[in-house]
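Trainee: turn this into a model:
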Amino acid sequence: MKTISIYLFLFIPFLLLGQNPDDVISTQDFKNTLLLHKEFVSIPNLPENKELMLQNIQWVAQKYDNLDFETTLLETSTLPILIAEKEYNPNYKTVLFYFHIDGQPINPDAWDQDHPFTPVLKEKDKEGTWQPIDWKLLEGDIDDEWRIFARAAADDKAPIIMLLSALNILKTNNNTPKFNIKVIFDPEEEYGSTALLSTLDTYKDRYASDYFIVMDGPAHTTNKPTVTFGCRGIATCAITTYGSKVPQHSGHYGNYVPNPVFSLSRLLASMKDDHGKVLIEDYYKGIDIDPTVFELLASVPFDAKKLNQALGIHSSEQVGRNYQESLQYPSLNVRQIGTSWKGKGLKTVIPEYATANIDVRLVPETDGEVQLQKIKRHIQQQGYYVIDRDPTDAERLNHPKIAKFTGALSVNAFRTNPDADFGKKIRNQLKEGFGEDPIVIRLMGGTVPIIPLINTLNVPTVIIPMVNMDNNQHSPNENIRIGNIRQGIYICLAILNSNYE
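Mentor: Modelled structure (predicted):
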């Protein structure tokens, strides 16, 4: 998509501002935005380097100071939280925005450039390979299909730049939002948001708002404006079955000593049918996909054949009628299986134990602790003596089937009603701005570490993902599509021109 086509596509947001498109963001202004992004991404942002993280935080603080925001560093157990605030009218509602400043670890040798924190502008050649191009090309027509490659170029520094650019546009045009703004910048999201979560009791009042918008993650694969109204939570557990007290020679004791791998495999097989549906009693209890909900789920563009081809699978499990519906149910995933031997090579032994590590993706209807108890009860119903430690010698002799079960809740899910007042206003504003309904994701499959903050605030919350899906998030050669930066600015303008009264 070239510059001219994106202007035509995004003409309506400018009408909201009462401005001509070219008067809102000129080629020079957009070039300056891209160079600002380049400058920001050039500051390494790994929390292990506190000095550089503080430099990132101060860089953002200075930009918000220039916009006449009040900026404050909130002390935490690790790195400080930056919060930027601006009250336009004491009678307005307050919207809290969330970004994270940190990035994932890097392996420089795996990148197709000199260094992951040196942004490189690239375009795709005729063979489909990304080739570096000179930044001076920004002086001419800017191609939306160009990309900037660097760590954190997309996740999450691009959205930070998008909102900054939109706020600058409003200021230049003497426009102000019809709501007050707070912005949180998390310095450790990629590492579990330790800093932020340590402040929930101390700074709850500072984070207080009427609505919460999280600007993180990739948009739908169509790259159309996307609104996500929730995400799944996660709980984990481990199941261990036992053979003899120590590994035994498979020649001497094969056919005599029970192999715990087989007992574990039978136990796991009892938990799911051949179509992937969980057989554990009441595992899906409380979940009702009524026609209205299914219509919303089915409205998300989806091509099963294309997705299966990309995944390299013949067919999907049949928990839901499509991909989106499958996310509305709690999952049961065996993420790793191991036995006692951890060294190199293979040994002809019967292991003394076998362990399955499991993760459960939670939905709002399912509590993590309750789901883990259902799994534990299922194991007991299979005739197992279930304990939370290794068995004693006496227990080994008295119980034919023993399983150790340990579980840990990480975080429960959240979901905001897409048809409630806040959800409708967000959706309608984007529809007005872009001339068509945004992609509505009722519940995304992943889990974000800030769900405890969302649940503590207890206000309507949405996630607005704006970067391209194929951005290589968390991987080598992370990138942001130029057109997504442009579109993200317009998404932010549409949101800033909303009235949440």
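
Trainee: from now on I want contacts and neighbour counts done on CA atoms only, so please keep to that.
Mentor: Noted.

Trainee: burial count for the residue lying closest to residue 415 once chain neighbours are set aside?
Mentor: Ranked by Cα to Cα, 6 or more residues apart in numbering and with sequence neighbours excluded, the top spatial neighbour of residue 415 is residue 230, at 4.0 Å. Neighbours of residue 230 under the rule other Cα atoms under 10 Å: 26.

Trainee: gap between residue 230 and residue 460?
Mentor: Applying Cα to Cα, to the nearest Å, the value for residue 230 to residue 460 is 10 Å.

Trainee: show me the strands in the stretch 1-150 of the chain, by range?
Mentor: 70-74, 81-86, 94-100, 120-124, 130-132, 147-149 (DSSP state E, counting those that start in this stretch).

Trainee: wait, which of those is closest to residue 202?
Mentor: Evaluated over those, closeness to residue 202 peaks at strand 70-74, with 9.7 Å, by Cα to Cα.

Trainee: what angle separates the closest one from strand 81-86?
Mentor: 160 degrees (axes from the mean of the first three to the mean of the last three Cα atoms, to 10 degrees).

Trainee: in JSON lines: the strands of the stretch 1-150 of the chain, plus mean neighbour count and mean pLDDT.
Mentor: Shown next, in JSON lines, are the strands of the stretch 1-150 of the chain (neighbours: other Cα atoms under 10 Å; pLDDT from 0 to 100):
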{"stretch": "strand 70-74", "mean neighbour count": "16", "mean pLDDT": "98"}
{"stretch": "strand 81-86", "mean neighbour count": "21", "mean pLDDT": "98"}
{"stretch": "strand 94-100", "mean neighbour count": "21", "mean pLDDT": "98"}
{"stretch": "strand 120-124", "mean neighbour count": "19", "mean pLDDT": "98"}
{"stretch": "strand 130-132", "mean neighbour count": "16", "mean pLDDT": "98"}
{"stretch": "strand 147-149", "mean neighbour count": "27", "mean pLDDT": "98"}
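
Trainee: reformat these as TSV; add distance to residue 467.
Mentor: Shown next, in TSV, are the strands of the stretch 1-150 of the chain (distance: least, Cα to Cα, whole Å):
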stretch	distance to residue 467
strand 70-74	26
strand 81-86	23
strand 94-100	13
strand 120-124	16
strand 130-132	18
strand 147-149	11
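
Trainee: re earlier: now for residue 230 and residue 460: what residues contact both?
Mentor: The contact sets of residue 230 and residue 460 overlap at residue 416 (Cα atoms under 8 Å, 6 or more residues apart in numbering).

Trainee: in stretch 443-451, which of the residues would be classed as buried?
Mentor: Using 16 or more other Cα atoms under 10 Å as the test for burial, stretch 443-451 gives 443, 444, 445, 447, 448, 449, 450, 451.

Trainee: ok so, going back, out of the strands of the stretch 1-150 of the chain, flag the one nearest residue 156.
Mentor: Closest to residue 156 of the strands of the stretch 1-150 of the chain, according to Cα to Cα: strand 94-100, at 6.0 Å.

Trainee: for the closest one, packing partners?
Mentor: For strand 94-100, the packing partners by 3 or more Cα pairs under 8 Å, 6 or more residues apart in numbering; DSSP states H and E come out as helix 157-172, strand 180-186, strand 211-214.

Trainee: circling back to that earlier point, export the buried residues of stretch 443-451 to a markdown table and tack on distance to residue 258?
Mentor: Output for the buried residues of stretch 443-451, formatted as a markdown table (distance: Cα to Cα, whole Å):
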| residue | distance to residue 258 |
| --- | --- |
| 443 | 43 |
| 444 | 42 |
| 445 | 38 |
| 447 | 39 |
| 448 | 41 |
| 449 | 41 |
| 450 | 45 |
| 451 | 43 |
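
Trainee: ok, so of those, who is nearest residue 402?
Mentor: Nearest member of the buried residues of stretch 443-451 to residue 402, counting by Cα to Cα, is residue 447, at 32.5 Å.

Trainee: so that closest one sits against residue 234, correct?
Mentor: Yes. Contact criterion Cα atoms under 8 Å: residue 447 and residue 234 qualify, at 6.8 Å.

Trainee: quickly list what's touching both of these two.
Mentor: By Cα under 8 Å, 6+ apart, the residues touching both residue 447 and residue 234 are residue 413.

Trainee: how long is stretch 203-219 from one end to the other?
Mentor: Per Cα to Cα, stretch 203-219 runs 31 Å from first to last residue.

Trainee: re earlier: the strands of the stretch 1-150 of the chain: which one's closest to residue 211?
Mentor: Of the strands of the stretch 1-150 of the chain, nearest to residue 211 by Cα to Cα is strand 94-100, at 4.8 Å.

Trainee: sorry, back to before: which ones are touching the residue nearest to residue 415?
Mentor: 413, 414, 415, 416, 441, 442, 443, 444, 461, 462, 463.

Trainee: can you do 7 Å?
Mentor: 414, 415, 416, 442, 443, 444, 462 (Cα atoms under 7 Å, 6 or more residues apart in numbering).

Trainee: report the distance from stretch 347-358 to the chain centre.
Mentor: Distance of stretch 347-358 from its chain centroid, counting by Cα atoms, centre = their mean, to the nearest Å, is 33 Å.

Trainee: same deal with stretch 73-81?
Mentor: Chain-centre distance of stretch 73-81: 23 Å, with Cα atoms, centre = their mean.

Trainee: got the contact list for it?
Mentor: Contacts for stretch 73-81 (Cα under 7 Å, 6+ apart): 82, 83, 185, 186, 187, 195, 196, 198, 199.

Trainee: CA atoms of it as CSV?
Mentor: Only the C-alpha atoms of stretch 73-81 are listed here, as CSV (Å, rounded to 0.1, in the frame of the first residue of the first chain):
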residue,chain,number,x,y,z
LEU,A,73,8.8,8.1,38.2
LEU,A,74,7.2,5.7,40.7
GLU,A,75,9.7,3.7,42.7
THR,A,76,9.3,-0.1,42.6
SER,A,77,11.1,-3.2,43.8
THR,A,78,13.3,-2.9,40.6
LEU,A,79,13.1,-0.3,37.8
PRO,A,80,10.8,2.7,38.2
ILE,A,81,7.5,3.0,36.5
